[in-house]
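> only geometry, no sequence info:
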């Protein structure tokens, strides 16, 4: 398939979200896997120039060549998170084992590992920039964490663990999204809407109308769920949504969506992986690339934090219980009451209501204020830009210097959707790095995905 026919193979600019389709995934990823394997074979050949590795003949071409696969698979993974419809889910899961296997094999490639160690030990290392030295150090660290130094007899098992963990992680997220979408509470009695903000009621009415049903529809998606927990006077409605949300994708729902077996498998595999690498626990493995020095140090920090925070938390919960009992006539404070009672107490004690305050923090005002703060802090400009997007609500922005030089760009996907996983996260579409083309050196400016789940 040619570049023009497969947008996943077009690296000339920004991702072509307006034309990429699930059918493009398999042929593009297979081609890029083959190209990556050929590149590795060329760079590790015994008679190659890289037998004496340098940054220019080994590290740079490997980084440049591997970015193509990373970019294409990154687009697929992103769409799996923000547009989780059956065709995209199937396309992603069909290639996930092969991509996982490739990266597992890459991390155990002794020839590559030897080249990196040789470059780290060479006189050139001292002449490299601090950034390039850090890149080499991290590559060697990651090879070790990928099992490169394991006995040959243990490497197949280590690779199998990586593949299985990737599949289990994807399945866990899919189960959670499916369980979230599977629930809906339809309300027909207007009395159950008491206390809810007008915008939440209108959104619930529109959701029910979209399903062809009368009344109001409430779901576990945060724009629907949070207003109910915080404002609904109906304790029944609060309890219903809380209980279902707290038990999503568990043994209390459909067996096919139960994540408990997956959690057990993930924990067991992580423990086995840690043992193979010579660590006592997966926590120790997790800390290797992080600032904390040991599990004991992290535990001591958390214990100290809990010790200092607990008295204040106990004061807060006592105040809530007293207010609930004396003012709201709730003899017990249940988990589905906490946000509701907190809101009532704030209004009574401090004349503060998030519902009243939020009218001053509409999305346009918040974004404008955020961008003004960024511009003032960093001396840059944040302006709307144009790019193909995966949904009509997604916006695109550029960050530039005052004289117009491009620094970076980002996609902003603010709203919750049934096909989008929950939470808020950032990921990269393009990384910032130096590129060499036609004998000239340039800089590839970074592009990021910013994802939220607001109403």
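Perfect, thanks for sending it. Just so it is clear, the model here is predicted, and its values are computed rather than measured.
> Just the buried positions in stretch 56-67, please.
Residues of stretch 56-67 classed as buried: 57, 58, 59, 60, 61, 62, 63, 65, 66, 67 (neighbour count, 16 or more other C-beta atoms under 10 Å). For the C-beta atoms, the positions are set from N, CA and C on the backbone; glycine is no exception.
> Secondary structure and pLDDT for these - can I get that in TSV?
Formatted as TSV, those follow (DSSP: H, G, I helix; E, B strand; the rest coil; pLDDT from 0 to 100):
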residue	secondary structure	pLDDT
57	helix	94
58	helix	95
59	helix	94
60	helix	91
61	helix	92
62	helix	94
63	helix	90
65	helix	91
66	helix	93
67	helix	93
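> Out of these, which is nearest to residue 431?
residue 67 (7.5 Å; C-beta to C-beta).
> and the nearest residue to the closest one once chain neighbours are set aside, what does it touch?
Distances taken as C-beta to C-beta, 6 or more residues apart in numbering place residue 431 nearest to residue 67, at 7.5 Å, with adjacent residues excluded. Going by C-beta atoms under 8 Å, 6 or more residues apart in numbering, residue 431 touches 67, 444, 446.
> so what secondary structure elements neighbour the strand or helix carrying residue 305?
Assigned by DSSP states H and E, residue 305 falls within helix 295-326. Helices and strands touching helix 295-326, by 3 or more C-beta pairs under 8 Å, 6 or more residues apart in numbering; DSSP states H and E, are helix 282-287, helix 338-350.
> Could you list the buried residues of it?
Applying 16+ other C-beta under 10 Å to helix 295-326 flags 320, 321, 323, 324 as buried.
> Just flag the most distant two among the residues you listed.
Taking C-beta to C-beta, no two of these sit farther apart than 321 and 323, at 7.5 Å.
> so residue 408 sits in a strand?
Yes. Counting by DSSP: H, G, I helix; E, B strand; the rest coil, residue 408 is part of a strand.
> correct me, but it touches residue 450?
No. With contacts counted by C-beta atoms under 8 Å, residue 408 stays clear of residue 450, the gap being 11.7 Å.
> Point out where the stretch 301-450 of the chain drops to low pLDDT.
437-439 (pLDDT under 70).
> contacting residues for residue 283?
295, 298.
> any idea how far residue 299 is from it?
Distance, residue 283 to residue 299, using C-beta to C-beta, to the nearest Å: 9 Å.
> Residue 275 is in what secondary structure piece?
helix 260-277.
> Stretch 142-151: how far from the chain's middle?
26 Å (C-alpha atoms, centre = their mean, to the nearest Å).
> and if you look at stretch 448-455?
On C-alpha atoms, centre = their mean, the centre of stretch 448-455 falls 10 Å from that of its chain.
> for it, which positions count as buried?
Here stretch 448-455 shows 448, 449, 450, 451, 453 as buried, counting by 16+ other C-beta under 10 Å.
> Just put the contacts of residue 431 in TSV and tack on distance to residue 396.
TSV is the format used below for the contacts of residue 431 (distance: C-beta to C-beta, whole Å):
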residue	distance to residue 396
67	21
444	17
446	14
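> which one of these is nearest residue 309?
Of these, the one sitting nearest to residue 309 (C-beta to C-beta) turns out to be residue 446, at 36.7 Å.
> Give me the nearest residue to that closest one, chain neighbours excluded.
Counting by C-beta to C-beta, 6+ apart, the residue nearest residue 446 is residue 432, at 4.0 Å.
> Same question for residue 110.
residue 148 (6.3 Å).
> Just list what the helix holding residue 275 packs against, helices and strands only.
helix 155-182, helix 282-287.
> What residues of it count as buried?
Across helix 260-277, burial judged by 16+ other C-beta under 10 Å covers 262, 265, 266, 269, 270, 273, 274, 276, 277.
> Could you do stretch 104-111 as well?
Under the neighbour-count criterion of 16+ other C-beta under 10 Å, stretch 104-111 has 104, 106, 107, 108, 109 buried.
> Which helix or strand contains the second one?
By that I understand residue 106. helix 86-107.
> Tell me which helix or strand comes right after that helix.
As assigned by DSSP H and E, the chain's next helix or strand after helix 86-107 is helix 110-121.
> Check the offset of the following helix or strand past that following helix from the chain's centre.
Sequence order places helix 130-145 as the next helix or strand after helix 110-121, per DSSP H and E. Its chain's average C-alpha position is 23 Å from that of helix 130-145, according to C-alpha atoms, centre = their mean.
> relative to helix 110-121, how tilted is helix 130-145?
Put simply, helix 130-145 runs at 140 degrees to helix 110-121, going by axes from the mean of the first three to the mean of the last three C-alpha atoms, to 10 degrees.
> could you say what helices and strands helix 130-145 packs with?
Using 3+ C-beta pairs under 8 Å, 6+ apart: helix 130-145 touches helix 86-107, helix 110-121.
> May I see those arranged in JSON lines, with distance to residue 246 and mean pLDDT as well?
JSON lines is the format used below for those (distance: least, C-beta to C-beta, whole Å; pLDDT from 0 to 100):
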{"stretch": "helix 86-107", "distance to residue 246": "25", "mean pLDDT": "96"}
{"stretch": "helix 110-121", "distance to residue 246": "46", "mean pLDDT": "95"}
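> do you know which of the ones you listed lies nearest residue 336?
Nearest of the helices and strands packed on helix 130-145 (C-beta to C-beta): helix 86-107, 32.0 Å.
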